[in-house]
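Visitor: Turn this into a structure:
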Amino acid sequence: MADRSNTGPESPQLGTHHIATFAMTKPDHPAVIAGGTGSTITYFELDLRSRKLAGYLSANRIAKGDHIAIMMANSLDYLAVCWAAQRLGLVYTPINWHLTPPETAYILENSDAKALIVSEHVHPALEIISQSLRSIEVGLTTGRSFGAFKNLNHVLESVGDIPDLGHHEGNIMFYSSGTTGRPKGITRKQGEIVWGNFAPLDLYLRTTYGLDQDTVYLVPAPLYHAAALVWAMNVLRGGGTVVVMEKFDPLEALRLIEAYRVTHAQFVPTMFVRMLRLSEADRVRYSLSTLKCVLHAAAPCPMQIKHQMLDWFGPVIHEYYAGSERNGLVAVDSAAWAAHPGTVGRAVFGQIHIVGEDGHELPAGQDGLIYFSGTNEFEYYKDPVQTASAFNELGWSTLGDIGHLDADGFLFLADRRTDLIISGGVNIYPKEVEDALMQHPAVADVAVIGLPNLEYGQDVKAVVELNTGVSPSNQLAEDLINFCRLRIAAYKCPKSVDFGTLPRLPNGKMLKRQVRDQYLAPRPSFEPR
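Guide: Okay, the predicted model is just below:
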């Protein structure tokens with residue numbers, strides 16, 4: 001039975017890095033702003049709503065260590081729900097509301113969620129999802145009531161003000177996006193953290209990137225995405241303001257930076273591409289002078305896009321490479337990137353090892369599996385086989401990515417092991433081919449995959465999403481292949497090109513598995529002459 005007590009001589013020494021501190025010292029300061037409407041929730045309101053929700057969950061037999069799930073669109077209350085879980089010591093799982101009902105039901109069952117909190121727009125899926133909710137004790141919705149789901153606003157109106165119930169921080173359990181298979185819950189072995197204190201990596205992020213009470217952080221990505229939520233919670237833990245976009249729009253992002261004097265923002269490369277496509281008049285319409293730190297991660301950034309963003313935003317751009325597993329962190333600022341173009345940085349958390357197929361470390365300049373050592377271990381929830389596959393006999397862990405270190409210890413990504421193409425016994429990294437094709441002015445986005453070939457094992461296929469106003473044709477397909485051959489070796493270049501709209505998660509991550517699946521059955525394609 002979980003311990004719900006909050007008093008006693010052995011109570012731990014609580015910290016001050018949490019929203020209740022700022023609810024007392026600056027109660028009227030904006031904690032979260034909805035970018036689209038300008039609606040605001042203050043620190044006093046955020047603290048009160050999260051505390052009431054924690055009390056309601058506790059009254060419904062949900063206690064420290066239990067799991068809950070959150071399936072909400074970006075909103076003011078999203079972060080209130082997270083803080084309720086955080087202050088009650090719960091494990092909480094954000095769920096991508098774009099998932100199908102069976103995918104959502106799988107995560108709910110697999111995570112042992114005892115409560116599900118949803119947005120009103122998710123209602124159409126709830127009836128199907130509820131068929132798999134045998135373990136759910138509490139169902140809350142931010143909109144109208146739906147079946148067994150109670151209205152969150154009505155619940156909070158009926159709950160009186162209550163003191164904090166817990167002494168230890170909650171923990172987020174993200175699920176992998178499922179881009180290469182079924183989603184996996186990620187749990188980390190980090191021990192209990194007393195309420196109001198930072199995990200070591202979170203403390204590093206705050207001090208390195210200057211998060212403080214004056215920070216205004218723009219969130220253009222869905223809050224169910226790991227980077228968006230982790231950084232937003234860190235900003236609130238330090239007394240800053242989070243500006244949340246309901247969905248990303250490039251011009252609106254620039255407007256919000258000026259309107260709210262944004263100091264920090266985080267994007268993915270596809271957002272960079274959309275901003276760069278704005279007209280010159282739109283790009284200079286709003287002032288970006290308050291920006292101190294612009295972060296990007298989650299997907300590889302083509303070098304020409306990074307160069308253009310540095311020319312536009314200046315040396316405030318920081319890149320990092322990490323996973324929700326938190327088994328390592330690699331980071332680079334603008335100056336170091338300019339000196340080592342294409343790098344994702346040097347290790348700042350953990351040590352990097354590049355390992356060959358024989359299990360031995362490789363020298364600088366040679367591509368191999370990227371492993372980390374010297375960090376906390378992680379597990380894939382209820383999946384010992386997948387967990388074991390992420391570690392070698394030395395206890396080093398990998399996310400399955402391929403890359404190399406240069407002589408100065410800077411890491412360069414080649415690709416994911418699952419995306420590797422082997423043609424005629426030669427390894428071909430799709431990212432290299434994609435980066436070459438992305439330089440063509442007609443190309444908006446591209447996925448390079450390997451298709452079965454009886455003679456060579458695999459052929460290189462490019463699936464290209466064209467810029468607006470560009471029409472697909474056999475001639476354009478041939479032009480793209482020739483364009484690629486001018487930049488990289490011919491054997492790496494596509495044998496054929498198709499055109500279409502590429503599937504992506506809202507966080508910008510390519511669903512390359514879906515692209516591959518589309519090619520299991522024959523379909524028309526644009527073949528070069």
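Visitor: if I pick Ile117, what's in contact with it?
Guide: Ile68, Ala69, Ile70, Met71, Met72, Val81, Gly139, Leu140, Thr141, Thr142, Leu152 (CB atoms under 8 Å, 6 or more residues apart in numbering). Any C-beta I mention is one placed from the backbone N, CA and C, and that applies to glycine too.
Visitor: From those, pick the one nearest Lys512.
Guide: Met71 (24.6 Å; CB to CB).
Visitor: Domains in the chain, by residue range?
Guide: Following automatic domain parsing, the chain resolves into domains at 43-197, 351-418, 420-517.
Visitor: can you give me phi and psi for the closest residue to Glu120 other than its chain neighbours?
Guide: Using CB to CB, 6 or more residues apart in numbering and skipping residues adjacent in sequence, the residue nearest Glu120 is Gly143, 2.2 Å away. Torsion angles at Gly143 (phi, psi; degrees, to the nearest 10) stand at phi -110, psi -140.
Visitor: wait, Gly143 sits on Leu126?
Guide: No. Taking contacts as CB atoms under 8 Å, Gly143 lies outside contact range of Leu126: 10.8 Å.
Visitor: Who has more neighbours out of those two?
Guide: Using other CB atoms under 10 Å as the criterion, Gly143 and Leu126 rank with Leu126 on top: 21 against 15.
Visitor: any idea whether that one is helix, strand or coil?
Guide: helix (DSSP: H, G, I helix; E, B strand; the rest coil).
Visitor: got the domains of the chain as a markdown table, with mean pLDDT and distance to Leu14 columns?
Guide: Formatted as a markdown table, the domains of the chain follow (pLDDT from 0 to 100; distance: least, CB to CB, whole Å):
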| stretch | mean pLDDT | distance to Leu14 |
| --- | --- | --- |
| domain 43-197 | 85 | 5 |
| domain 351-418 | 92 | 23 |
| domain 420-517 | 86 | 34 |
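Visitor: wait, which of those is closest to Leu278?
Guide: It is, among those and with distance given as CB to CB, domain 420-517, at 12.5 Å.
Visitor: coming back round to it: just name the closest of the contacts of Ile117 to Ile428, please.
Guide: Looking across the contacts of Ile117 and measuring by CB to CB, the closest to Ile428 is Met71, at 38.6 Å.
Visitor: Just give the nearest non-adjacent residue to that closest one, would you?
Guide: That would be Ile95: by CB to CB, 6+ apart, it lies 4.3 Å from Met71.
Visitor: Lys431 too?
Guide: Asp415 (4.6 Å).
Visitor: Equivalent analysis for Ala347, please.
Guide: Val330 is the one closest to Ala347 (CB to CB, 6+ apart), at 5.5 Å.
Visitor: Which helix or strand contains the one you found?
Guide: strand 329-332 (DSSP states H and E).
Visitor: Can you tell me what sits against that strand?
Guide: 201, 204, 208, 318-322, 340, 343-350, 352, 410-411.
Visitor: Would you mind measuring from the residue nearest to Met71 to Leu288?
Guide: As for Ile95, its distance to Leu288 is 33 Å (criterion: CB to CB, to the nearest Å).
Visitor: and these two? which has more neighbours close in?
Guide: Ranked by neighbour count (other CB under 10 Å), Ile95 and Leu288 place Ile95 first, with 25 against 17.
Visitor: show me the contacts for that one.
Guide: Applying CB under 8 Å, 6+ apart, we find Ile95 in contact with Ala69, Ile70, Met71, Thr104, Ile107, Leu108, Tyr175, Tyr224.
Visitor: biggest separation within these, which pair?
Guide: So, the contacts of Ile95 by CB to CB: farthest apart are Leu108 and Tyr224, at 13.8 Å.
Visitor: circling back to that earlier point, if I pick the residue nearest to Glu120, what's in contact with it?
Guide: Here Gly143 is in contact with Ser119, Glu120, His121, His123, Asn151 (criterion: CB under 8 Å, 6+ apart).
Visitor: In ChimeraX, select just the buried ones from those.
Guide: Per 16 or more other CB atoms under 10 Å, the buried members of the contacts of Gly143 correspond to this ChimeraX selection:
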select :119,151
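Visitor: Switch the contacts of Gly143 over to JSON lines; also include secondary structure and distance to Thr187.
Guide: Shown next, in JSON lines, are the contacts of Gly143 (DSSP: H, G, I helix; E, B strand; the rest coil; distance: CB to CB, whole Å):
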{"residue": "Ser119", "secondary structure": "coil", "distance to Thr187": "26"}
{"residue": "Glu120", "secondary structure": "helix", "distance to Thr187": "30"}
{"residue": "His121", "secondary structure": "helix", "distance to Thr187": "29"}
{"residue": "His123", "secondary structure": "helix", "distance to Thr187": "30"}
{"residue": "Asn151", "secondary structure": "strand", "distance to Thr187": "32"}
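Visitor: Could you work out the most separated pair of the contacts of Gly143?
Guide: His121 and Asn151 (14.5 Å).
Visitor: could you list every residue that touches the closest residue to Phe267 other than its chain neighbours?
Guide: In space, and not counting its chain neighbours, Phe267 is closest to His296: 5.2 Å by CB to CB, 6+ apart. By CB under 8 Å, 6+ apart, the residues touching His296 are Gln266, Phe267, Val268, Pro269, Phe272, Ile317, His318, Glu319.
Visitor: and Val81, what helix or strand is that in?
Guide: Assignment of secondary structure by DSSP H and E places Val81 within helix 76-88.
Visitor: could you say what helices and strands that helix packs with?
Guide: Where contact means 3 or more CB pairs under 8 Å, 6 or more residues apart in numbering; DSSP states H and E, helix 76-88 is packed against strand 30-34, strand 40-42, helix 43-59, strand 67-71, strand 91-94, helix 226-237, strand 241-244.
Visitor: would you turn the ones you listed into TSV with distance to Asp164?
Guide: Supplementary listing: these in TSV, determined by distance: least, CB to CB, whole Å:
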stretch	distance to Asp164
strand 30-34	17
strand 40-42	19
helix 43-59	7
strand 67-71	17
strand 91-94	17
helix 226-237	15
strand 241-244	22
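Visitor: of the ones you listed, which approaches Ala477 most closely?
Guide: Here helix 226-237 is closest among those (CB to CB), at 35.2 Å.
Visitor: Look up how far Ala444 lies from Leu310.
Guide: Leu310 is 21 Å from Ala444, by CB to CB.
Visitor: Could you do Ser158 as well?
Guide: 50 Å.
Visitor: same thing with Leu476?
Guide: Relative to Ala444, and taking CB to CB, Leu476 is found at 13 Å.
Visitor: Who has more neighbours out of these two?
Guide: Leu476 (21 against 18).
Visitor: Where does the more buried one fall, secondary structure wise?
Guide: helix 474-485.
Visitor: by contact count, what packs against that helix?
Guide: Here helix 474-485 touches helix 430-437, strand 457-466, strand 496-499, going by 3+ CB pairs under 8 Å, 6+ apart.
Visitor: Could you check whatever helix or strand comes next after the last one and say which residues are buried?
Guide: Pointing back at strand 496-499 there. Sequence order places helix 512-517 as the next helix or strand after strand 496-499, per DSSP H and E. Within helix 512-517, the residues scored as buried using 16+ other CB under 10 Å are Lys512, Arg513, Val515, Arg516.
Visitor: Let me have those in CSV, adding distance to Leu254 as columns.
Guide: Listed next are those as CSV, based on distance: CB to CB, whole Å:
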residue, distance to Leu254
Lys512, 30
Arg513, 33
Val515, 31
Arg516, 36
